[in-house]
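# Compute the structure for the input listed below.
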Amino acid sequence: MKISDYLLPTVIGLLITTSAQADPRLDEKVYSPYVMNGVAEFEARSARQLGGASAGDMTTVFEGEYGFNDHLSLAVVGTLERSRADGSRFTGVGLEAVYAIGQIPGIGIDTGAYLEYKYGLNGDSDVLEAKLLLAKNVDRFQALLNLIVERPLGDKDENFASYGYAASATWRTVGALRLGAEAFGDLGTDHDFPGRQGAYVGPQVLWEGRPDGWPFEIDIDAGWLFPVGSVHSETKSQVRFGIELERRF
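Purely as a prediction, here's the structure:
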């Protein structure tokens, strides 16, 4: 392997091993920088806190996406949150765009850009979120890294950007089954960067396939994450599950 083959996995490892006060980022997933032309996708994913001060907190995201060409996909996104304090409520609907930029010459890292505008509901602020999407593929191994900046709009009390990341490292094992690990964490804010960092880290299982006679492909993403460092009072663990249906038109 070349040194460049280890570059993105090394960066992911460094992020995963940081610890302190972490944002659980229950609405996030690890995005790839790839766009599938002519493919329509519907996805439902949920993340739930298990134990600790935030036990029972849950976020469910519904997303409908279509790839218009080899570079651009657009999606409509809705977010439903549930907590002991506020019960269940829709917190936003938004428009999301992913643009495949291409590969960085010499190091083989594929890049993309993500932009989302979310209209806040039930008292939540509007939010603008941008991500740099990075991917490295070596044989059966794939590393993904999303660098995230998020800014509430029109909220005087929280009118500053926050920074974070989502990352995964998986290996294709038998057939379409991939096993590995994923992490979601905080990198601070405009007021405190890089700030006190933290992460939720744990194993991940991915599978994709098309059952006989079905008109669409099914993708399944499951993970069980644990707080790293001093965030154990926040929750004991975090379970994630997503299912996606895809069809080419």
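# Buried residues, the longest strand seen in the chain. List them.
If you go by DSSP state E, the chain has its longest strand at strand 87-104. Within strand 87-104, the residues that count as buried by 16 or more other C-beta atoms under 10 Å are Thr91, Gly92, Gly94, Glu96, Val98, Ala100. For every residue, glycine as well, the C-beta is placed using N, CA and C.
# Ok, stretch 144-158 next?
Leu144, Leu145, Asn146, Leu147, Ile148, Glu150, Arg151, Pro152.
# Same question for stretch 161-168.
The neighbour-count check on stretch 161-168 (16+ other C-beta under 10 Å) flags Ala161, Ser162, Tyr163, Gly164, Tyr165, Ala166, Ala167, Ser168 as buried.
# Now render these as TSV, adding distance to Tyr66 and pLDDT.
Putting these into TSV (distance: C-beta to C-beta, whole Å; pLDDT from 0 to 100) gives the following:
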residue	distance to Tyr66	pLDDT
Ala161	29	85
Ser162	29	86
Tyr163	29	89
Gly164	27	89
Tyr165	27	92
Ala166	23	95
Ala167	26	96
Ser168	24	97
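# nearest to Gly202, of these?
Ser168 (10.7 Å; C-beta to C-beta).
# Glu43 versus that closest one, what's the distance?
As judged by C-beta to C-beta, to the nearest Å, Ser168 and Glu43 stand 16 Å apart.
# Confirm that Tyr165 lies within a strand, as I assumed.
Yes. The assignment for Tyr165 is a strand, going by DSSP: H, G, I helix; E, B strand; the rest coil.
# All further residue positions should be reported with the first residue as 53.
Right, with 53 as the first residue, what we last looked at is Tyr217.
# ok, now which ones touch it?
Leu67, Leu197, Asn198, Leu199, Ile200, Ala235, Phe236, Gly237, Leu239 (C-beta atoms under 8 Å, 6 or more residues apart in numbering).
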